[in-house]
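Visitor: Pasting the sequence and the predicted model now:
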Amino acid sequence: MISVSDAFSKFRSRLELTDREQEDASRRHYEIRDYLKSKFDIERDFLTGSYKRWTKTKPLKDVDIFCVLGAKERHRRDKPSAELLKAFEDALVEKYGRANVSRQRRSVTVDFGVTPNADEDTDGKVMSVDVVPAFTKNKHYEIADTSVKSGWTETNPEMHYDLAVKAQERYSGEWKGIVRMCKKWNAFHGKPIKPSFLIEVMALEVLHPPFGGDLRYEIKALLASLADRIHEAWADPAGLGPPVSDSMDKAACDAARSALMKGSDAAARAIQIERQGKNGDALRAWRSDVFGPLFPLS
């Protein structure tokens, strides 16, 4: 039987993107990019978000494609942001069908009809992508945002990427793995923290280097720390957009705090079970009470 320590190492590896997943994400990116360039003046485009920062968890979905619009599309900035998203939605519906395309707060989602199996495996395929139309503004970007009064939000995904890289270096190369594990906890328990990017933003501050050396205690402590501070307003780390926590009202924060405390307690119980020499029971506790089916039992 695998040890709990080895199970965590295997779990961390399972949450990393495989070559096949990266290849499929790249293929979808180029497919959508080439199509949208036939519909819009796109100056440049790139993969971004948690996929680019290597904090995306499994199954692989909502991969962000950032499309920076050129001069011929600038007139769209003078109209309501919903019209820009609608234009991208209509274009993507032409290619992928009405049932597979939906509009979000800041993006348009294309679903590829990929369904994960019981072990959350998609056979290396991307489930969906989020297309984010953007304009350049000074040295950063401006994107549509239908949930703010102005209709537009400034952002800098490249700065978010740099901050994740630095956190990874300071935390002995373990920061991204711990964030992915916490995101998997969040997904397994119904996503009490929204958006999942909020977990990253909080982790930039609450994960104090150096790495403690034991992923079990790191997860237990991180869940407890997030519970303690979930009611705080968490600013965009790039210092541009609205708070990342702006979709979490008091009721949502209360519910998230309760879930996080239960998660930390469940981790503590799993650690205690292992101390009692019940290795198999400890593995099952981490799987059933904390992380879900991707956590290995053997």
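Guide: Happy to help now that I have it. Numbers count the residues shown, from 1 in each chain.
Visitor: And stretch 135-153, what's buried?
Guide: Neighbour counts over stretch 135-153 (16 or more other CB atoms under 10 Å) mark 135, 140-146, 151-153 as buried. Heads up, the C-betas are built off the backbone N, CA and C, glycines and all.
Visitor: Return that stretch as PDB; C-alpha atoms alone will do.
Guide: The C-alpha trace of stretch 135-153 is given here as PDB (Å, rounded to 0.1, in the frame of the first residue of the first chain):
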ATOM      1  CA  PHE A 135      -8.000  46.300 -25.800                       C
ATOM      2  CA  THR A 136      -4.600  47.700 -24.900                       C
ATOM      3  CA  LYS A 137      -4.500  50.500 -22.400                       C
ATOM      4  CA  ASN A 138      -1.200  52.100 -21.500                       C
ATOM      5  CA  LYS A 139       1.100  49.200 -20.500                       C
ATOM      6  CA  HIS A 140      -1.800  46.800 -19.700                       C
ATOM      7  CA  TYR A 141      -5.200  45.800 -21.000                       C
ATOM      8  CA  GLU A 142      -8.900  46.600 -20.700                       C
ATOM      9  CA  ILE A 143     -11.500  43.900 -20.900                       C
ATOM     10  CA  ALA A 144     -15.300  43.800 -21.000                       C
ATOM     11  CA  ASP A 145     -16.900  43.300 -17.600                       C
ATOM     12  CA  THR A 146     -20.700  43.400 -17.400                       C
ATOM     13  CA  SER A 147     -20.700  43.200 -13.600                       C
ATOM     14  CA  VAL A 148     -19.200  46.700 -13.000                       C
ATOM     15  CA  LYS A 149     -20.800  50.000 -13.600                       C
ATOM     16  CA  SER A 150     -18.400  51.200 -16.300                       C
ATOM     17  CA  GLY A 151     -18.700  48.000 -18.200                       C
ATOM     18  CA  TRP A 152     -14.900  47.700 -18.400                       C
ATOM     19  CA  THR A 153     -12.100  46.400 -16.200                       C
END
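Visitor: contacts for that stretch?
Guide: With contacts defined as CB atoms under 8 Å, 6 or more residues apart in numbering, stretch 135-153 is touched by 43, 66, 68-69, 73-74, 77, 80-82, 84-85, 105-106, 132-134, 154-157, 159, 238, 240-242, 246-247.
Visitor: For the longest helix seen in the chain, list every residue counted as buried.
Guide: Taking DSSP state H as the criterion, the chain has its longest helix at helix 250-275. By 16+ other CB under 10 Å, the buried positions in helix 250-275 come out as 253, 256-257, 259-264, 266-267, 269-271, 273-274.
Visitor: Pull out the buried residues from the contacts of stretch 135-153.
Guide: For the contacts of stretch 135-153, a burial check counting by 16+ other CB under 10 Å picks out 66, 68-69, 73, 81, 84-85, 106, 132-134, 154-157, 159, 238, 240-242, 246.
Visitor: quick one on the thing from earlier: can the buried residues of stretch 135-153 go into CSV with extra columns for distance to Tyr51 and pLDDT?
Guide: Formatted as CSV, the buried residues of stretch 135-153 follow (distance: CB to CB, whole Å; pLDDT from 0 to 100):
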residue, distance to Tyr51, pLDDT
Phe135, 22, 97
His140, 20, 92
Tyr141, 17, 95
Glu142, 21, 96
Ile143, 17, 96
Ala144, 20, 96
Asp145, 20, 94
Thr146, 23, 94
Gly151, 26, 94
Trp152, 24, 95
Thr153, 20, 93
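Visitor: Now for the residues you listed: which two are most distant?
Guide: Greatest spatial distance in these: His140 and Thr146, 19.8 Å, computed using CB to CB.
Visitor: what's in contact with the least confident helix or strand in the chain by mean pLDDT?
Guide: Every helix and strand in the chain was compared by mean pLDDT, DSSP states H and E; the lowest is helix 49-53, with a mean of 78. Outside helix 49-53, the residues that touch it by CB under 8 Å, 6+ apart are 17, 25, 46, 56-57, 60, 62-64, 130, 157, 160-161, 164, 176, 183, 196-197, 200.
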